[in-house]
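Undergrad: after the sequence you'll find the predicted model.
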Amino acid sequence: MTLRNIPSVEQLLQAAEELIRNFGRPLVTQAMRESLEAIRADVRAGADVPSNQALLALAESRLTAWTRPTLEPVINATGVIIHTNLGRAPLSKSAIEAMQAVSAGYSTLEFDMKTGKRGSRLVHAESVLQRLTGAEAAVVVNNNAAAILLALSALARGKRAIIARSQMIEIGGSFRVPDVMKQSGAKLVEVGSTNKVHPSDYEEALAESASQSVVVRAHRSNFKIVGFTEEPSLKEICELAHAHEAIVIDDLGSGTFFNVEKYGLTHEPTILESLAAGADVVTFSGDKLLGGPQAGIIIGKKALLDKIKKHPLARAVRADKTCLAGISATLLHYLKDEAEREIPIWQMISQTPESLKARAAHWQRETGYGEIVPAESTVGGGSLPGENLPTYVLSLNIPKPDAFLAKLRKQSPAIIARTENDRVLFDPRTVLPEQDAVLVKTLKRIL
Ligand SMILES: *Cc1c(COP(=O)(O)O)cnc(C)c1O
């Protein structure tokens, strides 16, 4: 009876000192139990009893699989800068340091250093945002979806929320602006047609019940309407709304401090333009074109922000200390006019095709494979739809490109690339300079 030759969990545990040191006794015991069960089934089916060493190896592979993080760093060679699936914006050194510093120990999160008494977490990013934008008040929440939900819940609940039909957008992951508006308790009032909305459309909707209305403008971040289209400017919308004593909430989506036209991209509404046009409340993401950690930022009139801050949902969607530290450090780069130098997404956006070509050529020389071809990077992240930046990529002619992409994903760190016309492309624009060496080493090994 060979089943008897299978060791017990206790016997195996005695030989598993190293595993216990690395994974802890309870987890190792569980892995042994599962491994032995599998072996018993094999032996019953006629297999030989493996050696103790083989049994330990079986347990170890289970333990490794169980404890491997599913959230791990990857090298983004896709050329999509704000890659939502790959974690959006990489952070600046100062932002990382600030987040590390507040998470490693205690901080002044809700502590007033002057009085030594309880303070408010709302103050941390607010003064920088006030100085940067001139807005009267600001609050940072968990993400922009939360910012919109909170702003609408606090300002539009039970009121009519007027929005152009062409702005009833879905952001991704089935997050739809009209759904969020309904969730907030606002009554959705759609105006205009899919491609056109006229000032008179807003006017009519406002005239119906002006004091009970809020106008919402949502930036079409991830698509374009072209052709026979028309939409009043934000300034016109604000003037109409204000004439009827209604407020305007502008969801910018990305929210940028820079005019991206200087990089050859189509104009993206900036945060300052939104305020200048008269928007009462403006919301945007922290991790799109701002280049910081995941956050939602709400800026605007003090009286409105006071209502937002006091709303019960504010607590549920509030930013944590690491987010506040990271956002503040990121905003400081803008304040100190060093954003392009310090914030990775702006470094990436501002790289010239020549410097990208030189990097791709360096990869080619080092690996000895592929060719350098012109291609296009994208800004991504639901910002700047269809906007491409000229780049140069390392292009590999591989018999089975999809299998090669899968192999790249199995590396540590994984490399995420893209294919085009059966070629595997590596775009230097989104690969951090300090990742060049490991990228080259990995490619050399697997090619
Ligand atoms: C991305 C986006 C959102 C959602 O922002 P998150 O920070 O991802 O929650 C909302 N509105 C618009 C217009 C967007 O582009």
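TA: Looks like it came in fine.

Undergrad: how about the residues of the stretch 151-300 of the chain by the ligand?
TA: Counting by C-beta under 6 Å from any ligand atom, the positions of the stretch 151-300 of the chain adjacent to the ligand are 171, 218-219, 221, 251, 253-254, 285, 296. Where you see a C-beta, it was placed from the backbone N, CA and C, and this is true even at glycine.

Undergrad: among the residues you listed, which are in strands?
TA: 171, 218, 251, 253, 285, 296 (DSSP state E).

Undergrad: and the residues you listed as CSV, adding pLDDT and neighbour count?
TA: Formatted as CSV, these follow (pLDDT from 0 to 100; neighbours: other C-beta atoms under 10 Å):
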residue, pLDDT, neighbour count
171, 76, 20
218, 92, 23
251, 96, 30
253, 92, 27
285, 96, 29
296, 98, 28
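
Undergrad: tally of neighbours for the closest residue to the ligand within the stretch 51-200 of the chain?
TA: Scanning the stretch 51-200 of the chain for the residue nearest the ligand gives residue 144, at 3.0 Å (criterion: C-beta to the nearest ligand atom). By other C-beta atoms under 10 Å, the residues close to residue 144 number 27.

Undergrad: now do it against residue 245, distance only.
TA: Remark: distance between residue 144 and residue 245 (C-beta to C-beta, to the nearest Å) = 27 Å.

Undergrad: go on, residue 422?
TA: For residue 422 relative to residue 245 (C-beta to C-beta), the value is 60 Å.

Undergrad: any low-confidence regions in the stretch 1-150 of the chain?
TA: Residues of the stretch 1-150 of the chain meeting the criterion pLDDT under 70: 1.

Undergrad: what does it put close to the ligand?
TA: 143-145.

Undergrad: and the residues you listed as TSV, adding secondary structure?
TA: TSV is the format used below for these (DSSP: H, G, I helix; E, B strand; the rest coil):
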residue	secondary structure
143	coil
144	helix
145	helix
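
Undergrad: in the chain, what residue lies closest to the ligand?
TA: For the chain, C-beta to the nearest ligand atom, closest residue to the ligand: residue 253, 2.5 Å.

Undergrad: so residue 414 touches residue 72, yeah?
TA: Yes. Residue 414 lies in contact with residue 72 (C-beta atoms under 8 Å); the separation is 7.5 Å.

Undergrad: follow-up on the earlier one: my read: the residue of the stretch 51-200 of the chain closest to the ligand touches residue 292, true?
TA: No. Residue 144 is beyond contact range of residue 292, at 12.0 Å (criterion: C-beta under 8 Å).

Undergrad: and the contacts of the helix ranked longest in the chain?
TA: In the chain, with assignment by DSSP state H, the single longest helix is helix 25-44. Contacts with helix 25-44, where a contact means C-beta atoms under 8 Å, 6 or more residues apart in numbering, come from 2-3, 6-7, 9, 12-13, 16, 19-20, 23, 47, 49-50, 55, 58-60, 62-63, 66-67.

Undergrad: report the angle between the following helix or strand past it and helix 25-44.
TA: Counting by DSSP states H and E, the next helix or strand C-terminal to helix 25-44 is helix 52-67. Put simply, helix 52-67 runs at 120 degrees to helix 25-44, going by axes from the mean of the first three to the mean of the last three C-alpha atoms, to 10 degrees.

Undergrad: so how far is helix 52-67 off the chain centroid?
TA: 35 Å (C-alpha atoms, centre = their mean, to the nearest Å).

Undergrad: with stretch 409-421 instead?
TA: 20 Å.

Undergrad: can you pull the buried residues of it?
TA: 411, 415-418 (16 or more other C-beta atoms under 10 Å).

Undergrad: quick one: the longest helix of the chain to chain centroid distance?
TA: 40 Å.

Undergrad: same deal with stretch 69-89?
TA: For stretch 69-89, the distance to the chain centre is 9 Å (C-alpha atoms, centre = their mean).

Undergrad: what distance separates the start and the end of stretch 83-103?
TA: 26 Å (C-alpha to C-alpha, to the nearest Å).

Undergrad: surely residue 125 meets residue 327?
TA: Yes. Counting by C-beta under 8 Å, residue 125 does reach residue 327; the two are 5.2 Å apart.

Undergrad: which residues do those two both contact?
TA: By C-beta under 8 Å, 6+ apart, residue 125 and residue 327 have these common neighbours: 140, 297, 319.

Undergrad: can I get these in TSV with neighbour count?
TA: Shown next, in TSV, are the shared contacts of residue 125 and residue 327 (neighbours: other C-beta atoms under 10 Å):
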residue	neighbour count
140	26
297	28
319	26
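
Undergrad: residue 156: which of those residues is nearest?
TA: Closest to residue 156 out of those is residue 297 (18.7 Å), distances taken as C-beta to C-beta.

Undergrad: contacting residues around that closest one?
TA: 125, 129, 138-141, 144, 147, 255, 283-286, 290, 327.

Undergrad: kindly report the same for residue 248.
TA: By C-beta under 8 Å, 6+ apart, the contact list for residue 248 reads 214-217, 234, 237-238, 241-242, 278-281.

Undergrad: what are the ranges of the helices in the stretch 151-300 of the chain?
TA: Here the stretch 151-300 of the chain has its helices, by DSSP state H, counting those that start in this stretch, at 177-183, 199-208, 234-243, 271-277.
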